[in-house]
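Novice: Please find the sequence and the predicted model below.
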Amino acid sequence: MKTVLITGANKGVGFETARQLLRQGYYVYMASRDLQNGQKAAEKLRNEGLQNAEAVQLDVTDTASVQAARLAIGEKTQVLDVLINNAGINGGWPQSALEANIDQYREVFDTNLYGVVRVTQAFIDLLRKSPQPRIVNVSSSGCSLTLHSDPGWKYYNHKAALYPSSKAALNMFTINLAYELRDTPFKVNAVCPGFVATDFNGHHGTGTAEEGGMRIAKYATIGEEGPTGQFFSEEYNPETGVTPW
């Protein structure tokens, strides 16, 4: 049975991704900052008949927490097949490039970028033992430098200094990670779940968390001929998903 670790899996897109992969036969470690919230989420899925859901306490901003989660999961399995770096924060609104202070930037980057680095580096040894390891970094088409510099893009006027900057940095990390792992079976991609209605955006999205979870799960389960080092948003590009950086 293949195994997957999903950060921020107790609600929203992370929870729906867990549901999708459980339905496909994966054993899912559902990471959550608050263990009780994670346990409630896992119990909900088990009550649906999806028994292979297990909650794990993991705060991506806390190195000790990440290391403890690595030890805990390592006691249960020697192989991790998929890592989905989903945990993220938006940083609150508004987000002015001139008025947001360094502490605000630091808080957002600590979760959305540094947290991904912490978790990826902590679990890379277990991933290397998988015959077909996959890493999905949950990104956003709203961090595309190309799109945000195009006055013709429909979201051109929806500017924010913190969240898109952190995700653009995450995209560069994804490119570098995929490059370093290019001669291995790894597939590493950045994937946008779409503008879906969750707690993250006050449920103002136009799509559903289920749709977002399906998109993430798709790239978590690609075969050996699948892409790596790419950026996908099926909401932006319904035909191929390929999205400009």
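Specialist: That came through fine.
Novice: Going by C-alpha atoms from here, please, whenever you check contacts or count neighbours.
Specialist: Fine.
Novice: For stretch 35-51, buried residues please.
Specialist: Judged by neighbour count using 16 or more other Cα atoms under 10 Å, the buried positions of stretch 35-51 are L35, N37, G38, Q39, A41, A42, E43, L45, R46, L50, Q51.
Novice: Pick out the most distant pair among those.
Specialist: Farthest pair in the buried residues of stretch 35-51 (Cα to Cα) is L35 and L50. Separation: 19.0 Å.
Novice: Dump the C-alpha coordinates for the longest helix along the chain into CSV.
Specialist: For the chain, the helix with the greatest residue count under DSSP state H is helix 163-180. Listed next in CSV are the C-alpha coordinates belonging to helix 163-180 (Å, rounded to 0.1, in the frame of the first residue of the first chain):
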residue,chain,number,x,y,z
TYR,A,163,0.9,35.6,-0.1
PRO,A,164,1.8,35.7,-3.8
SER,A,165,5.4,36.6,-3.0
SER,A,166,5.7,33.6,-0.8
LYS,A,167,4.2,31.3,-3.4
ALA,A,168,6.3,32.7,-6.1
ALA,A,169,9.3,31.8,-4.0
LEU,A,170,7.8,28.3,-3.4
ASN,A,171,7.7,27.9,-7.2
MET,A,172,11.4,28.7,-7.5
PHE,A,173,12.1,26.1,-4.7
THR,A,174,10.0,23.6,-6.8
ILE,A,175,12.1,24.3,-9.9
ASN,A,176,15.3,23.8,-8.0
LEU,A,177,14.1,20.7,-6.2
ALA,A,178,13.0,19.1,-9.4
TYR,A,179,16.3,19.9,-11.0
GLU,A,180,18.3,18.4,-8.2
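Novice: Can you get me a residue count around the residue nearest to V116 when sequence neighbours are not counted?
Specialist: Spatial nearest neighbour of V116, excluding adjacent residues (Cα to Cα, 6 or more residues apart in numbering): N85 at 6.0 Å. Neighbourhood size, N85 [other Cα atoms under 10 Å]: 26.
Novice: is it true that N85 touches F123?
Specialist: No - contact between N85 and F123 fails when scored by Cα atoms under 8 Å: they sit 11.3 Å apart.
Novice: gap between the residue nearest the centre of the chain and Q51?
Specialist: By Cα atoms, centre = their mean, the mean C-alpha position of the chain lies nearest to N86, the distance being 2.4 Å. Separation of N86 from Q51 (Cα to Cα, to the nearest Å) stands at 22 Å.
Novice: helices or strands next to the lowest-mean-pLDDT helix or strand in the chain in the packing?
Specialist: Every helix and strand of the chain was ranked by mean pLDDT, DSSP states H and E. The lowest is helix 209-220, at a mean of 94. Contact partners of helix 209-220 among helices and strands, from 3 or more Cα pairs under 8 Å, 6 or more residues apart in numbering; DSSP states H and E: helix 12-23, strand 134-138, strand 187-192.
Novice: what does the helix or strand following it contact?
Specialist: As assigned by DSSP states H and E, the chain's next helix or strand after helix 209-220 is strand 231-233. Contact with strand 231-233 is made by 140-141, 171, 189-194, 241-245, as judged by Cα atoms under 8 Å, 6 or more residues apart in numbering.
Novice: Just give me how far strand 231-233 sits from the chain centre.
Specialist: Relative to its parent chain, strand 231-233 has a centroid offset of 12 Å by Cα atoms, centre = their mean, to the nearest Å.
Novice: and what of stretch 235-245?
Specialist: Distance of stretch 235-245 from its chain centroid, counting by Cα atoms, centre = their mean, is 17 Å.
Novice: How about stretch 176-187?
Specialist: Its chain's average C-alpha position is 18 Å from that of stretch 176-187, according to Cα atoms, centre = their mean.
Novice: Okay, now the unreliable bits of this protein?
Specialist: Within the chain, the stretches with pLDDT under 70 are 197-207.
Novice: and the gap between K218 and Q20?
Specialist: Counting by Cα to Cα, the gap from K218 to Q20 is 9 Å.
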